[in-house]
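K.L.:
Fold the following and give me the result.
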Amino acid sequence: MAIDSDEKAKSPRRTIIGGNVLLAILLVIGIVGVLQAIAFSVPGAQYDMTSSQVNSLGDATKHLLGSLKQPVTLTSLYFKTDLEEKDQPLYRRAVRDLLTLYESTARSKVTADFINPLSDHEQLNTFEARLRDKPRFKKALDAYRERIDAYTKTMDEKMRALVNNELEALKGLTSGPVASPEAKSVLGQVQTLFQDWLQQDQQVRDQIDALTGLENVQYSAATSVLETHYRDFIKSLQNIASFGTAQLARNPDLAKDKQAADFLRNAGQRYADLVGELEGESTKLGALEPLKYDELLKKLAPNANAIVVETPDDARVVEFSDIWPPIDPRMGGARAHFKDRAFKGEEKITSAILRVTHREQTAVVFVRYGGAPLLVGGFMPGQPQAPYARMKKQLEDANFVVKEWDLKEKNEPPTIDPKPTRTLYVVLQPTPPQQGPMGQPSQDPPFTDANRQAFLKALGDNGRAVFIAGWYPGPFGAIPANYEYDDYLKSTWGIDVDTKHLLIETINYEPGKYAPPRNTMQLFTMTDLTLGDHPIVSGAQAQLLALPFAAPLVPSDKLPDGVKQDTLVTVPDRDTVWGVTNLQTYQQQLTEQGYMTRAKGDTLGPFVLAMAATKGDAKIVVVSSRNFATDDVAFAQALAMTSKGLTIRSRNPGNVTLLINSLYWLDDNMDFMNIGEPINASVLAIKGDSTVKEVRALTIFVWPVLALLFGGVALWIRRR
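P.N.:
Below is the predicted model of the structure:
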């Protein structure tokens, strides 16, 4: 009986303990569920567990965001509709995740916003009005408003007054018994012209009122209407004056009608003042700069999938085609699906943030002598593509102003407005004079010391420049040529360009026997390179570097006073890489014996291919590879195998990095290195909504249920 009583006493206590455990479990479940739900709703609360850090921003982007001195708003205008294609949610989600990541990285400075332009009409109108009122656009709008006000408040009244006065005078000259038949006929035509013009002017006034009465005023359209209206009225007045003079000359009876004759004869004089004012207004209208605001709005069509990066002062649009370029450029943009596109979100958005937050810009001037334009070309059939057109756009994305200077045409560098904070030069090898089709001597003037001195004068004692050296392609292969800036580099910087040797890479298939690679270009391109520890080449992208037609750089044993050198890129000592003086020797060997052996006088490495140097405030970079930064090399693409099959990737992204990082280093702006670097094309494996819901259900409900299960087991054990 005592035992039963004891058990009865323990039973309520067990119930209380069990209730407490159950209550604790329920509380834990509730807390976990709430925290998980909050985590999914808080921007940027996710942790990147991928080895490649694809869900994290790069160090350069983080530094840029951390250094912001003004707020930045990132607005996605990726549309949503019931009729959208299946890829649209994938694009929209990827952009939303990226903008949220920017916001979570710098919450005090970056705000992400999302507007559906197909349904959020009030929000969109407010957004566009905010853009219009930014100082960058507002100043230009003031000039447009001034011209529109000049019409509505002054010029329209003056034109109407002149026409009404003329019609009143014509009324007395074309009616009544004193009016001659000749006057009625000739002046009647003028009268009709003025009456028609009054109707036309009213239509123009209605157009102007409509265009300026919209919530988003159409300034460009309104001023275009005015420009045409003024031009037409000036022409009408001039035609009336010349018409009257001609009629008086051929019609003696009309000339006898003194009042009619005086009206026609003096028309030009009566109209002169107003014509002068209208011509002045037309000149002012023609001088108006195109509105950047209108250009921006054109990119914000409801289905354009645009992103707007804005500060209180400025705004830029990042277009869909920039964020989502086709992996294969041969595939038309409209035909490429989500799986066929690369995602360059961080590259393009970070570049846009850099451009709107850093108003001061550095200029990059490509210096050439002769040859075809470097930055623009290829518009006409058969016209070669400009070799640095894509590189120009890449540099502009990195906030540089890009120009070119042909020393053959002028000895002064191009004028840049507004004046840049600093000018950097990319110095290309002068193009040699081209021989005639039958081998006749060239009529083009060669590069001379005067051209060289013109550039060195512009460079100055504290200049910054990238010198691109190397070998030239001749009609029968690569040929050695003197490097036109070698004396300057040697005497000022202690760097000699050894143009007597061209580097080639061979295949060793038997001891002492070598063969060229299957790809001839590969023979002249160095890819297995060793990079120094300099910031220019310390980034991961710099590892994928290719230097074609390279000649060795030879540092001086004794450096000029004040010069400090750093080696950027070298080719290690390898049996298969030679410095060749005469390619014909090897062509002859291949013809006679089917393989190559190293010729006497040819050298083995290591070879230096790129260097940086400083001297006081002056800096230079020398890369001895004549076309390493041209579009066909720097943006070359190659097939690559991934887990999802074949894709196309950037083959030499390190070439772009080498040039851009060199320019940032020359500009004393190393914190922004690798901003705007080309990202390897890769397909985003973004799952559908169902997968996301499954993951959320797992974390919000399943884990808590498991906790309940284990808690129940623990309770059962305690009750035993």
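
K.L.:
Could you pull out the strands in the stretch 401-550 of the chain for me?
P.N.:
For the stretch 401-550 of the chain, the strands defined by DSSP state E, counting those that start in this stretch cover 422-427, 464-468, 472-474, 477-479, 495-497, 502-505, 507-510, 513-515, 525-526, 530-531, 547-548.

K.L.:
so which strand or helix has T567?
P.N.:
Assessed by DSSP states H and E, T567 sits inside strand 563-571.

K.L.:
Report the buried residues of that strand.
P.N.:
Residues of strand 563-571 classed as buried by neighbour count (16 or more other Cβ atoms under 10 Å): V563, Q565, D566, T567, L568, V569, T570, V571. Where you see a C-beta, it was placed from the backbone N, CA and C, and this is true even at glycine.

K.L.:
and P548, what is it in contact with?
P.N.:
G470, M521, F524, T525, M526, S625, R626, N627, F628, V633 (Cβ atoms under 8 Å, 6 or more residues apart in numbering).

K.L.:
cutoff 7 Å now
P.N.:
Going by Cβ atoms under 7 Å, 6 or more residues apart in numbering, P548 touches M521, F524, T525, S625, N627, F628, V633.

K.L.:
Now intersect these with the helices, please.
P.N.:
Using DSSP state H, M521, V633 are the members of the contacts of P548 that sit in helices.

K.L.:
Which one of the contacts of P548 is nearest to L559?
P.N.:
Of all the contacts of P548, the one with the least separation from L559 (Cβ to Cβ) is S625, at 23.3 Å.

K.L.:
Please work out how many residues are found near T174.
P.N.:
Neighbour count for T174, taken as other Cβ atoms under 10 Å: 18.

K.L.:
pretty sure it is in contact with V186, am I right?
P.N.:
No - taking contacts as Cβ atoms under 7 Å, T174 lies outside contact range of V186: 9.2 Å.

K.L.:
Can you list the buried residues in stretch 615-630?
P.N.:
615, 618-630.

K.L.:
cool, stretch 584-591 as well?
P.N.:
T585, Y586.

K.L.:
which residues sit against it?
P.N.:
The contact list for stretch 584-591 (Cβ under 7 Å, 6+ apart) reads M596, T597, A599.

K.L.:
residues contacting the last one?
P.N.:
Residues counted as contacts of A599 (Cβ under 7 Å, 6+ apart) are T585.

K.L.:
quick revisit: ok, the contacts of P548 vs L407, which is closest?
P.N.:
N627 (18.9 Å).

K.L.:
what mean pLDDT does the helix or strand encompassing D273 have?
P.N.:
Using DSSP H and E, D273 sits in helix 267-286. Helix 267-286 comes out with an average pLDDT of 93.

K.L.:
So which bits of it are buried?
P.N.:
So, applying 16+ other Cβ under 10 Å, buried residues of helix 267-286: A267, G268, R270, Y271, L274, V275, E277, L278, E281, S282, L285.

K.L.:
swap in stretch 223-240?
P.N.:
So for stretch 223-240, counting by 16+ other Cβ under 10 Å, buried means T223, V225, L226, E227, H229, Y230, F233, I234, S236, L237, I240.

K.L.:
related to what we said a few turns ago, can the buried residues of helix 267-286 go into TSV with extra columns for distance to E592?
P.N.:
Shown next, in TSV, are these (distance: Cβ to Cβ, whole Å):
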residue	distance to E592
A267	93
G268	90
R270	95
Y271	90
L274	89
V275	85
E277	86
L278	84
E281	81
S282	77
L285	76
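
K.L.:
Out of those residues, flag the one nearest to T421.
P.N.:
Closest approach to T421 among the buried residues of helix 267-286 (Cβ to Cβ): L285, at 33.6 Å.

K.L.:
sorry, back to before: buried deepest among the strands of the stretch 401-550 of the chain, which one?
P.N.:
Of the strands of the stretch 401-550 of the chain, the one with the most neighbours on average (mean count of other Cβ atoms under 10 Å) is strand 547-548, at a mean of 26.

K.L.:
List the strands paired with that strand, with their directions.
P.N.:
Strand 547-548 pairs in its sheet with strand 525-526 (antiparallel), by DSSP bridges.

K.L.:
Can you list the neighbours in contact with the partner strand?
P.N.:
L503, E505, A546, L547, P548, A550, V571, L609.

K.L.:
let's see it at 10 Å
P.N.:
503-505, 517, 519, 545-550, 569-571, 577, 605, 607, 609, 625, 628, 633, 652 (Cβ atoms under 10 Å, 6 or more residues apart in numbering).

K.L.:
go on, stretch 413-423?
P.N.:
By Cβ under 10 Å, 6+ apart, stretch 413-423 touches 358-365, 367, 400-407, 425, 454-455, 457-460, 463-465, 666-669.

K.L.:
Under the pLDDT cut-off, which ranges of the stretch 251-400 of the chain? List them.
P.N.:
329-334, 378-383 (pLDDT under 70).

K.L.:
joint contacts of T174 and V186?
P.N.:
Joint contacts of T174 and V186 (Cβ under 10 Å, 6+ apart) are S180, A260.

K.L.:
any idea which of the buried residues of strand 563-571 is the one closest to V204?
P.N.:
Nearest to V204 among the buried residues of strand 563-571, counting by Cβ to Cβ, is L568 at 64.1 Å.
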